[in-house]
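Novice: Predicted model and sequence follow; I will ask about them next.
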Amino acid sequence: MHYTKSGFTLIELLVVISIIGLLSSIVLTSVNSARAKARDARRLRDINEIYKAAILFEHDKGFYPLSDLGETYPLPLKDGSSVKQAIAISTDISPNPASTPALFWKDPSGAANDLESQIKPYLSALPKDPINTFPTPQHEYMYFVFLDNANNPVTVYYDPTTTGHAAGVCGMYPTPPGIPMRGILYVFLLEVMEGNSYKIQGPCVGEVHKKAFVLMLP
């Protein structure tokens, strides 16, 4: 009597393992893509909440939050002139720690004039990017308002037809024509591509920060 041993051959086992690995990678890719889309959706909700709160603040006070602070750094314009920027960022690392330190959402020194404290009557707490890292990768929210040399709020004008970074910051000018704005809200970085381009709105992002989303403060 002959007995036939049942079981898988080595080749069959390798094929099964390969198929399982392929299916696992497909599932993992789908999960990661869904998580990235969820993070981007949250980013857009967050930035719109901050935008609405800043608009309400300006409606009541006549200027945007941080316009009354002197923590600034220069913003070169396209004509060779410049204005100043008051800035706040959602991460806890300054982009310019040596010379022009940025303000954080919440000032670690406990000062009551940071962005979160100023905007609190209109937004209970400032949201942070779901990843919230700087500088690599730069996943953070950034808030700017523009000031003149005397720290008074000032309007700059954005020309979307002007590009190039060498002679100034994209298409920003001190006088019309152009789209007037007194500040900017940035999201760095959106993770999900739509077609061949990222969601883009506002100055600079098409050539400098291709994954950014920008709202201009009027």
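Specialist: Structure received. Residues are numbered from 1 along each chain as shown.
Novice: Now residue 105: closest residue in space, sequence neighbours ignored.
Specialist: If the residues on either side of it in the chain are set aside, residue 105 comes closest to residue 126, at 4.6 Å by CB to CB, 6 or more residues apart in numbering. Where C-beta positions appear, they are placed from N, C-alpha and C, glycine not excepted.
Novice: Toward the C-terminus, what is the element adjacent to the longest helix along the chain?
Specialist: The longest helix of the chain (DSSP state H) is helix 10-61. From helix 10-61 onward toward the C-terminus, using DSSP states H and E, the following helix or strand is strand 72-76.
Novice: What is that following strand packed up against?
Specialist: Packing partners of strand 72-76 (3 or more CB pairs under 8 Å, 6 or more residues apart in numbering; DSSP states H and E): strand 82-89, strand 140-147.
Novice: Check the ones you listed for me and report the most buried one.
Specialist: Mean neighbours per residue, mean count of other CB atoms under 10 Å, is largest over these for strand 140-147, with a mean of 24.
Novice: quick check: mean pLDDT across that one?
Specialist: Averaging pLDDT along strand 140-147 gives 90.
Novice: Please tell me how far it is from the chain's geometric centre.
Specialist: Remark: strand 140-147 is offset 10 Å from the chain centroid, using CA atoms, centre = their mean, to the nearest Å.
Novice: begin at 10 from here
Specialist: All right, first residue 10 from here; so that's strand 149-156.
Novice: C-alpha coordinates for it, CSV please?
Specialist: Backbone C-alpha positions of strand 149-156 (Å, rounded to 0.1, in the frame of the first residue of the first chain) are rendered in CSV as follows:
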residue,chain,number,x,y,z
GLU,A,149,2.4,73.6,10.1
TYR,A,150,0.0,76.5,10.1
MET,A,151,1.4,80.0,9.6
TYR,A,152,-0.3,83.4,10.2
PHE,A,153,1.0,86.7,9.0
VAL,A,154,-0.1,90.3,9.2
PHE,A,155,1.6,93.2,7.3
LEU,A,156,2.9,96.3,9.0
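Novice: Pull out the buried residues from stretch 47-55.
Specialist: For stretch 47-55, a neighbour-count test (16 or more other CB atoms under 10 Å) marks 48-49, 52, 55 as buried.
Novice: my bad, stretch 122-142
Specialist: 123-129, 131-132, 135-139, 141.
Novice: Tell me which of those residues fall in strands.
Specialist: Among the buried residues of stretch 122-142, no member is found in strands (DSSP state E).
Novice: of all the residues you listed, which comes closest to residue 192?
Specialist: residue 124 (11.3 Å; CB to CB).
Novice: what pairs with the residue nearest to that closest one when sequence neighbours are not counted across the strands?
Specialist: Nearest non-adjacent residue to residue 124, counting by CB to CB, 6+ apart: residue 97, 4.0 Å away. Residue 97 has these beta-bridge partners by DSSP bridges: residue 112, residue 152.
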